[in-house]
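Peer 1: Need coordinates for the following:
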Amino acid sequence: MKRFLISLAVLVMVSAIAYAATVQGTVVDADNGDVIEGAFVRFIFTGELRNGCGGNGNGNGHGGPGGGGHGNNVYTATTDENGFYMIEDIPEGIYIGRALKPGSYQASVINDIEIIDITEVDFELEPRVCTNPILRLFRGGLRF
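Peer 2: Residues are numbered from 1 along each chain as shown. This next block holds a predicted model:
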């Protein structure tokens, strides 16, 4: 019984260490610096952890409207009205970060981000340029 309790205590301590990180930051417009509300932010674990615990790096990353959806080693959030996001309790390690706002801004990808303790990762998104003349006509309004 004593051996079981010691094993359980070690397991709890390792779990606490493996999920000790927070990543946060802002998403802004690359052209004018305005914050972007409602941008989707995703961090994909690449399979390398600082503390030696492994993972498969796979997952769907589907989250709810408020973000925070965790697939297998994929962590997501949605920016608030200040362009701010925060994802807590993720494993320390190396990630690929991605942010986008569908329909308005192109995706921005940052590779090899080391997330430890509290890590700040900001994204600048390029506005999406509409190349379809019909869509440009409707978005810009009809002019005679």
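
Peer 1: Can you give me the pLDDT of C53?
Peer 2: pLDDT for C53: 49.

Peer 1: Then L5?
Peer 2: Value for L5, per-residue pLDDT: 49.

Peer 1: One more: F45?
Peer 2: Reported pLDDT for F45: 95.

Peer 1: can you check L125 too?
Peer 2: pLDDT, read off for L125, is 98.

Peer 1: do the same with the one 5 residues further on
Peer 2: According to the per-residue confidence, C130 scores 66 in pLDDT.

Peer 1: Which helix or which strand is home to the residue lying closest to D112 once chain neighbours are set aside?
Peer 2: Spatial nearest neighbour of D112, excluding adjacent residues (CB to CB, 6 or more residues apart in numbering): I94 at 5.9 Å. The C-beta positions use only the backbone N, C-alpha and C, and glycine is treated the same way. Using DSSP states H and E, I94 sits within strand 93-101.
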